[in-house]
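S.K.: dropping a prediction and its sequence here:
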Amino acid sequence: MAKRALALAFVLLFVLALFSGCGQKTPAPSNTAAPAGQSTPAPTAKPTQAPAATQAPAATQEPEPEPEPEVDHLAPGHYAKTADGKPAEKYEYPLPLTERDVKLRFFTITWTSQYMPDGLMENVEYWIEMQKMTGVHLEFLQMTQANCKEQFAVLVAADDIPDITSQGQYRYSGTSEQAIDEHIFANLYDYTDYMPNYLWEIYDRAKDNVNLLDTAFVKKNKIVSFFGLSYSRAGSASGWSLRQDLMDKYGLGKAEDVDTISKAHDVLYAFKTQHEQTNFWPMTLYSTMEREAGKLFTGLNTYLTINLSIGLRLIDGVPELIGIGDDEKEGISILRQWFSEGLISPNYTGYVSNTDMTAELTNGEIGFLSLATGDASNYNVVCEGCNWQACHRLLREPNQTVHYGLSSGGVSYGSFCIGATSEEIPLATTWCDWQYSESGSEYITWGVQGVLWDRNENGERIVTDFALNFDRGYGWALMTFANCALSEAGMNGAGDKPVNYDTSYNDHAVAVWTNVKNDNAWVWRTGAKLNQEETDEVSGLTADVQTYQAEMWCMMVEGTTSMDQWDEYVKNMKSMGFDRMLEIYTDAYNRFMAEQ
């Protein structure tokens, strides 16, 4: 009996111990997860009533989660705006622009692949270093001028638009507005917060350029491109230049003082009659006649170009197509006289640019031609004793006020468009906009230190021997191993200037070429854009009109067709579609003005 009582006591003690253990619960750590590969066990059922002496632990407050660090360093929210939402200041991006592993497809062209390692842009140190700096890696779709439009059409047909396309609005067969509406290129107006540097420059420069906003904006709420800009706003970087060494030799004064068409004729005639050099020609034209529209006989207020787009001007608010008017007739008549006097090289139709007459320039066989500011120093080096200096714009009479021919859209040839289907539009837009910041502009201008430039013992920028002695000249060295302003956007020209490169010609030339009264009274409004139907109709008419114009102008200049045929030429131009083209552009202009 005593044994049974003792056993019963042990059982009661055991049961009490079980209940006592259930009433004391220890909370599990709040952030403890089950080991990998194991499931979290189901929670143990709680007793229906905890012992009175036991209280539940106080709930702990979870800490606020840390904000995710930025992996893309974009502009929105980091710069001031004006009351109407425009950028109030430029913005300096922190680099890299992204910390993600991202690659953008970049469709672009080059003219100088033969100088690049293995012929590839991706092997050029400029592009390699830019990718390291920005964190934006590029897959290059490298084209040539000859195949770029065809290859871009292939990508469009395959619905495979690259993230970034240089000069995309020219690669696409339709209008810029159509490129946006058909989702070929993104409407950058929807991403203006990501482009403070570009827009600040556009709005600021538009204060002095009536056409700049019309150029930068397809419509008031549509932007298709980043257009290239020059850091300097000094004015035109190209014009016509004379051989000052020959003018000194024959006592003809200074090139900068030759300011009228008649004075230029006298200088060229003196070159012809006094300079006895084999194969020498006082001047040359080009396959386009003028190399750049409006830069030769500026005082005529017209263009003397062929095989280029048809020029447009406004006279007292009335649209006019250039090509059949009295001003053009006067210009062709002057060139006819000069050609008959042996002042113009008969080889001009073979010269697309100055690189096509390298031998003639090296041998000093030309006395008057069109030059960009970077060209003269190169030709003065390759031609021993030559001294090219800028000639004044040629006017009808001294101090004439020019109405047309010297205005531009304010942008360079290069541009960037962003693919509408890109998954990286904000980053691609940022990459473009960085190239308009102060630091980005300086980098794209000069490239990697040690290639095109370096610093001397005084910390001053100097041009390297490699750049100075580059086969195609210093200007092409910059466009091969840094930003190529002919195809790529960005703001070119920032940073301190090299102390060992003579810029005196450049500075003097710009001063001479801009020393002219110019009211832009006849300038065409670039906002008067054609719609797609009008574009297609004009395109269908243009080829025949341009071909006929080029044939007739060349024959008139060379004397194989008499200037007496001008009226017949005008009649034929009109019947071939010139009048219809004028009607179309007039309609576009009237629509544009109605929206103002």
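M.R.: On my side now, so go ahead. Numbering: from 1, shown residues only.
S.K.: does Tyr585 touch Val318 like I think?
M.R.: No - applying C-beta atoms under 8 Å, one finds Tyr585 not in contact with Val318, separated by 11.2 Å. Every C-beta, even on glycine, is put in place using the N, C-alpha and C of the backbone.
S.K.: quick one, which of those two is more surrounded?
M.R.: Just comparing Tyr585 and Val318: by other C-beta atoms under 10 Å the higher neighbour count belongs to Tyr585, 20 against 9.
S.K.: show me the contacts for that one.
M.R.: Leu312, Pro319, Leu321, Ala528, Leu530, Val538 (C-beta atoms under 8 Å, 6 or more residues apart in numbering).
S.K.: ok, Gly364 - contacts?
M.R.: Arg243, Gln277, Phe280, Cys383, Glu384, Gly385, Cys386.
S.K.: and the second one, how many residues sit next to it?
M.R.: Taking other C-beta under 10 Å as the neighbour definition, Gln277 ends up with a count of 12.
S.K.: mind listing the helices for the stretch 451-596 of the chain?
M.R.: Under the criterion DSSP state H, counting those that start in this stretch, the stretch 451-596 of the chain contains helices at 465-468, 474-481, 504-513, 532-558, 566-573, 579-595.
S.K.: ok, and for the shortest one, which residues are buried?
M.R.: By neighbour count, and taking 16 or more other C-beta atoms under 10 Å as the criterion, the buried residues in helix 465-468 are Ala467, Leu468.
S.K.: that helix - contacts with which helices or strands?
M.R.: helix 474-481 (3 or more C-beta pairs under 8 Å, 6 or more residues apart in numbering; DSSP states H and E).
S.K.: Val538 and Gln532 touch, don't they?
M.R.: No - between Val538 and Gln532 there is no contact under C-beta under 8 Å: 10.8 Å.
S.K.: between those two, who's got more neighbours?
M.R.: When Val538 and Gln532 are compared on other C-beta under 10 Å, the one with more neighbours turns out to be Val538, at 18 against 13.
S.K.: one step back: pick the one among the contacts of Gly364 closest to Arg171.
M.R.: Nearest to Arg171, judged by C-beta to C-beta, of these is Cys383 at 37.3 Å.
S.K.: pLDDT score for the closest one?
M.R.: Looking at Cys383, its pLDDT is 86.
S.K.: so which helix or strand takes in Gly239?
M.R.: For Gly239, the element it lies in under DSSP states H and E is strand 238-243.
S.K.: what's whichever helix or strand comes after that strand in contact with?
M.R.: For strand 238-243, the following helix or strand on the C-terminal side (DSSP H and E) is helix 244-249. Residues from elsewhere that reach helix 244-249 (C-beta under 8 Å, 6+ apart): 252-255, 267, 271, 275, 367, 385-389.
S.K.: from the residues you listed, which land in helices?
M.R.: Counted as lying in helices by DSSP state H, out of the contacts of helix 244-249, are Val267, Phe271.
S.K.: got the contacts of helix 244-249 as JSON lines, with distance to Glu201 columns?
M.R.: Compiled in JSON lines, the contacts of helix 244-249 are given as follows (distance: C-beta to C-beta, whole Å):
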{"residue": "Leu252", "distance to Glu201": "42"}
{"residue": "Gly253", "distance to Glu201": "40"}
{"residue": "Lys254", "distance to Glu201": "36"}
{"residue": "Ala255", "distance to Glu201": "33"}
{"residue": "Val267", "distance to Glu201": "40"}
{"residue": "Phe271", "distance to Glu201": "43"}
{"residue": "His275", "distance to Glu201": "46"}
{"residue": "Gly367", "distance to Glu201": "39"}
{"residue": "Gly385", "distance to Glu201": "42"}
{"residue": "Cys386", "distance to Glu201": "37"}
{"residue": "Asn387", "distance to Glu201": "36"}
{"residue": "Trp388", "distance to Glu201": "32"}
{"residue": "Gln389", "distance to Glu201": "32"}
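S.K.: so which of the contacts of helix 244-249 is the closest to Met130?
M.R.: Trp388 (34.1 Å).
S.K.: in the sheet, who's paired with that closest one?
M.R.: Bridge pairing for Trp388 (DSSP bridges) gives the partners Arg243.
S.K.: can you give me the buried ones in stretch 155-162?
M.R.: Buried residues in stretch 155-162, counting neighbours by 16+ other C-beta under 10 Å, are found at Leu155, Val156, Ile161, Pro162.
S.K.: starting at the chain centroid, how far to it?
M.R.: From the chain centre to the centre of stretch 155-162 is a distance of 22 Å (C-alpha atoms, centre = their mean, to the nearest Å).
S.K.: picking up where we left off before, in the buried residues of stretch 155-162, find the pair that's most separated.
M.R.: For those, with distances taken as C-beta to C-beta, the pair at the greatest spread is Val156 and Pro162 (10.5 Å).
S.K.: ok so, going back, report the buried members of the contacts of Tyr585.
M.R.: Leu312, Pro319, Leu321, Ala528, Leu530, Val538.
S.K.: okay, now the domains of the chain?
M.R.: In terms of domains, the chain is parsed into 102-234+410-447, 238-405+519-525 (source: automatic domain parsing).
S.K.: need these in a markdown table (columns: distance to Gln549).
M.R.: Shown next, in a markdown table, are the domains of the chain (distance: least, C-beta to C-beta, whole Å):
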| stretch | distance to Gln549 |
| --- | --- |
| domain 102-234+410-447 | 22 |
| domain 238-405+519-525 | 6 |
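S.K.: any regions of the stretch 51-200 of the chain where pLDDT drops low?
M.R.: 51-69 (pLDDT under 70).
S.K.: same question but for the chain, I mixed them up
M.R.: Using pLDDT under 70, the chain drops low at 1-69, 234-237, 374, 377, 408-409.
S.K.: mind listing what the residue nearest to Asp72 when sequence neighbours are not counted touches?
M.R.: Closest residue in space to Asp72, ignoring its immediate chain neighbours: Thr98 at 4.8 Å, by C-beta to C-beta, 6 or more residues apart in numbering. With contact taken as C-beta under 8 Å, 6+ apart, Thr98 is in contact with Val71, Asp72, His73, Thr134, Gly135, Val136, Leu427.
S.K.: try 6 Å
M.R.: Counting by C-beta atoms under 6 Å, 6 or more residues apart in numbering, Thr98 makes contact with Asp72, Gly135, Leu427.
S.K.: among these, name the ones in helices.
M.R.: Short answer: those in helices (DSSP H) are Leu427.
S.K.: confirm for me that Tyr501 is in contact with Ile462.
M.R.: No - if you go by C-beta atoms under 6 Å, Tyr501 and Ile462 don't touch, sitting 7.9 Å apart.
S.K.: could you say which helix or strand holds the closest residue to Leu361 other than its chain neighbours?
M.R.: Excluding the flanking residues, the one nearest Leu361 by C-beta to C-beta, 6+ apart is Tyr379, at 5.2 Å. Assessed by DSSP H and E, Tyr379 sits inside helix 375-382.
S.K.: quick check: Tyr348 vs Trp281, distance?
M.R.: Distance of Tyr348 to Trp281, given as C-beta to C-beta, to the nearest Å: 9 Å.
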